[in-house]
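[1] sequence first, predicted coordinates after that:
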Amino acid sequence: MSEEFKHLVRRHFEEVLNQGHLDVIDEIYSENYTLDAPVQTDGASVAQGQTKGRDGLKKRVTLFRTGFPDIHFTIDNLVAEADKVTVQYRFQGTHQGKFLGLPPTRNHIDVGGILIARIVDNKIETAWSVFDSGDMMKQLGVVPPKKVHRLLHIDSSPRGWESYSRMISKEFVTAWKSVYPNGIVTYVDLTKVVLPPMTAVTARLLHQGSVDESTLTPAEIQTVSAVNALVDQFLVADFYVFGVPMYFSHVPAVLKEYMDFLPYFGKTVVMNPQGVEGLVTGKKAMVITARGFDYSPGSPIEAFDLQVPWMRNALAFIGITDATFINMNGLDSGEGAINKATTHARTTIYESIESWAFSPA
Ligand SMILES: Cc1cc2nc3c(=O)[nH]c(=O)nc-3n(C[C@H](O)[C@H](O)[C@H](O)COP(=O)(O)O)c2cc1C
């Protein structure tokens, strides 16, 4: 019996696949035939696909024979046991016709695979086929597009080169560039940009997700597009670094003003039955704070630190839960404290950037 089964499977490779005799499919396949294989018959994708029935198989064979008219399968090993035949095979061919939407490349491919066929009533009833479709696509020159990483660098200290938060956020950008040399950095200096005004129209836009522009003046339309540009610029980034001085226990007003535009219903947050859900997910943030006093855990003024909890909550509100904080404490307390704070900041930058490199956004 096993010789007969082997013969059926050999006919599939020789007569159907190599010679293209589709009528042989009616002879050797069951009407209820199913095949699980990596390339879908409809050519829609290279994802795992299922081929059903004799017609489905005819389409699949035609798909391959159209793409590779000289396709040739070689059987390297063929083993039969009980109702199953296992084949280790290779196929070679030249990409001369359209295949999975890809115009002919003339590339020659050589791909290996394994097929297990189950025989019922002397017909192939089920088959499982696995071949290295990723390797095949590589040989065809189809390489998945490389992701471009984007870092949005936001500074908010007005103190230029004297600013500690600016100094460290800049060093962070250099470290990030060493991990993502082709990454794109966009810089926003909040002490220089002119932010859109928070007006009745802007408030409505953020709350409702849109406004009817036919009711707006040209100046209002300009404001709406400035808010959209600000939020879109924020959204396109995968990584964020914020340089944040502490002013009166909090973030500087200009940063608060900027961040007030970020909870934008429909773009960065949505309302669901559980409450507000942040949409800015899968991203990483680094927040570098600079403060005159020491607010470290256990310090008598720890509770006066409204800067870190607010930044953490604000980012989490829109979905950025992966936020690392580098808090430079005691910057108004002499050289020793400054050295301690900057050394801590630099060490944390390198530790974080290393871990980011292994778990990219
Ligand atoms: C207007 C203003 C308010 C400040 N408020 C605080 C404060 O509440 N707590 C604190 O520890 N330091 C405070 N400082 C000190 C700054 O946080 C500190 O100088 C820090 O280094 C500023 O950041 P930068 O070096 O990046 O400019 C304040 C400084 C200014 C100018």
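    Great, that's in hand. Numbering: from 1, shown residues only.

[2] who in this structure is up against the ligand?
    Contact residues (Cβ under 6 Å from any ligand atom) of the chain with the ligand: 157, 159, 163-166, 245-249, 290-293, 331-332. The C-beta positions use only the backbone N, C-alpha and C, and glycine is treated the same way.

[3] can you give me the helices for this protein?
    Taking DSSP state H to define them, one finds helices in the chain at 2-11, 23-28, 53-67, 133-139, 164-179, 200-208, 218-235, 253-259, 307-318, 335-358.

[4] which stretch among those helices comes nearest Val241?
    Of all the helices of the chain, helix 164-179 sits nearest to Val241, with 5.0 Å by Cβ to Cβ.

[5] residues of that closest one that come out buried?
    Tyr164, Ser165, Arg166, Met167, Ile168, Ser169, Lys170, Glu171, Phe172, Val173, Ala175, Trp176 (16 or more other Cβ atoms under 10 Å).

[6] could you check the pLDDT of the fourth one?
    Each residue has a pLDDT score; the one for Met167 is 98.

[7] quick one: contacts for it?
    By Cβ atoms under 8 Å, 6 or more residues apart in numbering, the residues touching Met167 are Trp161, Thr342.

[8] which strands and helices sit next to the longest strand seen in the chain?
    Counting residues, the longest strand found in the chain (DSSP state E) is strand 108-120. Contacts defined by 3 or more Cβ pairs under 8 Å, 6 or more residues apart in numbering; DSSP states H and E place strand 108-120 against helix 2-11, strand 84-94, strand 123-131, helix 133-139.

[9] mean neighbour count, distance to Thr51 and mean pLDDT added to those, as JSON lines?
    Below are the helices and strands packed on strand 108-120 laid out as JSON lines (neighbours: other Cβ atoms under 10 Å; distance: least, Cβ to Cβ, whole Å; pLDDT from 0 to 100):
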{"stretch": "helix 2-11", "mean neighbour count": "16", "distance to Thr51": "16", "mean pLDDT": "89"}
{"stretch": "strand 84-94", "mean neighbour count": "18", "distance to Thr51": "16", "mean pLDDT": "91"}
{"stretch": "strand 123-131", "mean neighbour count": "18", "distance to Thr51": "9", "mean pLDDT": "86"}
{"stretch": "helix 133-139", "mean neighbour count": "17", "distance to Thr51": "14", "mean pLDDT": "81"}
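
[10] picking that back up, show me which of the residues of the chain next to the ligand are buried.
    When the residues of the chain next to the ligand are checked for burial by 16+ other Cβ under 10 Å, the buried set is Ser157, Ser163, Tyr164, Ser165, Arg166, Pro245, Met246, Tyr247, Ala290, Arg291, Phe293, Leu331.

[11] isn't the third one right next to His344, touching?
    No - applying Cβ atoms under 8 Å, one finds Tyr164 not in contact with His344, separated by 11.7 Å.

[12] Val201: how many residues sit nearby?
    Val201 sits with 21 neighbouring residues when counted by other Cβ atoms under 10 Å.

[13] same question, Glu162
    9.

[14] just to check, Gly97 is in contact with Phe68?
    Yes - counting by Cβ under 8 Å, Gly97 touches Phe68, with 7.4 Å between them.

[15] who has more neighbours, the two?
    The residue with more neighbours, out of Gly97 and Phe68 and counting by other Cβ under 10 Å, is Phe68; that gives 21 against 15.

[16] follow-up on the earlier one: of all the helices of the chain, which one comes closest to Pro104?
    Smallest distance to Pro104 across the helices of the chain (Cβ to Cβ): 8.0 Å, for helix 53-67.
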